[in-house]
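K.L.:
give the three-dimensional model of this entry:
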Amino acid sequence: MGAGERMIPELIMIALGIVFIVLGIKYEMEPLLLVPIGFAAIIVNIPGSELALPEGIGNVIHWIFSTLIATEVVPCLIFFCLGAMTDFGPLISNPKTFLIGAAAQLGVVIAFVLAMVIGFTPAQAASIGIIGGADGPTTIFLTTSLAPELLGANAVAAYSYMSLVPLIQPPVALALTTEEERKIRMKKFREVGKREKIIFPVLLTIVSGFIVPAALPLIGMFLFGNLLRESGVTERLSKTAENEFMNILTILLGLGIGGTMMAEAFLTVQTLEIIALGAFAFVCSTAGGVLIAKFMNLFVKEKVNPLIGCAGVSAVPMSARVAQTLASREDKQNYILMHAMGPNVAGVIGTAIAAGLFLQFL
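P.N.:
Residues are numbered from 1 along each chain as shown. Below is the predicted model:
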């Protein structure tokens with residue numbers, strides 16, 4: 001085999017890195033993550049690059065990955081920042097949307113079973129299934145604990161599908177809903193008081209901690225960030241978390257994940273299986289959220305627009321925006337974005353709890 005042929009896998013990965021950069025810059029698909037992931041994928045696949053070797057001189061990318069990502073530090077801190085950026089008001093005001101967030105974990109369960117059927121171990125299958133929740137930090141957290149050998153493929157699959165939310169979800173939602181259902185207008189939810197917003201993260205931390213203690217690294221940090229946001233006395237901390245600190249963590253996460261995309265580890269049949277299972281899981285999760293919303297309408301007086309079921313996956317706030325976009329196509333005066341944020345937040349919590357359950361039993 002000539003030198004040119006030996007370089008083909010690396011050239012493929014360099015091309016993939018360029019695709020990620022183009023998707024991020026030209027099409028604005030999760031640019032804060034796809035741009036650094038794509039660039040890191042390029043530099044670790046350049047033949048002879050010291051960055052392709054763990055012992056390489058000045059290999060800052062390997063250090064970021066091994067010290068901050070593989071040890072679960074960055075995923076947990078990202079959840080902390082997400083909590084500081086999240087308003088729990090829509091969820092508190094309409095707690096039945098917790099059901100939508102729970103139903104949207106359908107893809108997690110289906111992908112977990114299918115992964116075991118085709119030969120993955122239970123631990124590997126769990127790390128693949130969690131991709132269906134469309135939550136990158138949770139995927140990294142669980143994979144690091146259960147199947148670190150799959151971290152590169154799982155993380156790339158999770159963040160790729162998060163960026164493709166506007167393309168994947170609309171066909172599923174449109175296929176499962178009627179025009180009449182998409183036109184349903186939801187009443188304005190009640191105003192949630194400050195006391196409720198302070199009590200909620202503390203109470204939920206205690207309850208979830210007793211039920212699924214393995215989920216506390218994620219749930220606890222998420223709810224702690226939210227408490228800083230809502231307390232009214234820690235504004236400097238919450239502003240730092242949702243701005244500068246989150247930006248730093250995003251850079252580290254993108255470079256660290258992109259650095260795992262070396263040709264010899266990434267271009268395998270196993271990686272293709274993971275990407276296919278992740279896509280199927282994401283579709284099933286979207287369908288689960290929409291279908292449970294339709295089912296709820298059989299029993300409630302105030303109907304919910306089933307499009308908010310799209311937001312049951314924890315791609316915040318992209319999936320909620322998808323719901324709003326689809327609703328406004330049918331009725332330009334129909335505003336369901338804030339209603340969709342309830343199941344969106346519930347999806348984040350649901351995926352973290354699912355990850356905690358996998359950790360406890362596996």
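
K.L.:
buried set for stretch 169-186?
P.N.:
Applying a neighbour-count criterion of 16 or more other C-beta atoms under 10 Å, the buried positions in stretch 169-186 are 169-170, 172-173, 176-177, 181-182, 184, 186. From N, CA and C alone the C-beta is placed, and that goes for glycine too.

K.L.:
just give the nearest non-adjacent residue to Ala158, would you?
P.N.:
Counting by C-beta to C-beta, 6 or more residues apart in numbering, the nearest residue to Ala158 once its immediate chain neighbours are dropped is Thr139, at 4.0 Å.

K.L.:
state the mean pLDDT of the helix or strand where the one you found lies.
P.N.:
When elements are assigned from DSSP states H and E, Thr139 belongs to helix 136-146. Mean per-residue pLDDT for helix 136-146: 91.

K.L.:
helices or strands next to it in the packing?
P.N.:
With contacts defined as 3 or more C-beta pairs under 8 Å, 6 or more residues apart in numbering; DSSP states H and E, helix 136-146 has these neighbours: helix 73-85, helix 122-129, helix 151-163, helix 216-231, helix 246-258, helix 337-361.

K.L.:
format those helices as CSV; extra columns: mean pLDDT.
P.N.:
As requested, the helices and strands packed on helix 136-146 are exported to CSV (pLDDT from 0 to 100):
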stretch, mean pLDDT
helix 73-85, 94
helix 122-129, 94
helix 151-163, 83
helix 216-231, 96
helix 246-258, 92
helix 337-361, 93
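
K.L.:
looking at the ones you listed, which is closest to Ser285?
P.N.:
helix 337-361 (8.3 Å; C-beta to C-beta).

K.L.:
could you name the helices and strands sitting against the closest one?
P.N.:
Counting contacts by 3+ C-beta pairs under 8 Å, 6+ apart, helix 337-361 is packed against helix 89-93, helix 97-103, helix 122-129, helix 136-146, helix 194-211, helix 216-231, helix 318-330.

K.L.:
need the helices and strands packed on helix 136-146 in CSV with distance to Leu326 and mean neighbour count, can you?
P.N.:
Listed next are those as CSV, based on distance: least, C-beta to C-beta, whole Å; neighbours: other C-beta atoms under 10 Å:
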stretch, distance to Leu326, mean neighbour count
helix 73-85, 24, 22
helix 122-129, 26, 25
helix 151-163, 18, 25
helix 216-231, 27, 23
helix 246-258, 28, 21
helix 337-361, 10, 25
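
K.L.:
dump the ones you listed into TSV; add distance to Leu23 as well.
P.N.:
Formatted as TSV, the helices and strands packed on helix 136-146 follow (distance: least, C-beta to C-beta, whole Å):
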stretch	distance to Leu23
helix 73-85	21
helix 122-129	23
helix 151-163	7
helix 216-231	27
helix 246-258	13
helix 337-361	23
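
K.L.:
closest to Trp63 out of these?
P.N.:
helix 246-258 (9.0 Å).

K.L.:
report all helices and strands that that closest one contacts.
P.N.:
Using 3+ C-beta pairs under 8 Å, 6+ apart: helix 246-258 touches helix 31-44, helix 60-64, helix 73-85, helix 136-146, helix 151-163.

K.L.:
wait, which of the helices and strands packed on helix 136-146 is closest to Phe299?
P.N.:
In terms of C-beta to C-beta, the element of those nearest to Phe299 is helix 337-361, at 17.0 Å.

K.L.:
would you turn the buried residues of stretch 169-186 into TSV with secondary structure, pLDDT and distance to Arg195?
P.N.:
Listed next are those as TSV, based on DSSP: H, G, I helix; E, B strand; the rest coil; pLDDT from 0 to 100; distance: C-beta to C-beta, whole Å:
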residue	secondary structure	pLDDT	distance to Arg195
Gln169	helix	93	35
Pro170	helix	93	39
Val172	helix	95	39
Ala173	helix	95	36
Leu176	helix	95	38
Thr177	coil	95	37
Glu181	helix	94	36
Arg182	helix	94	36
Ile184	coil	93	31
Met186	coil	90	25
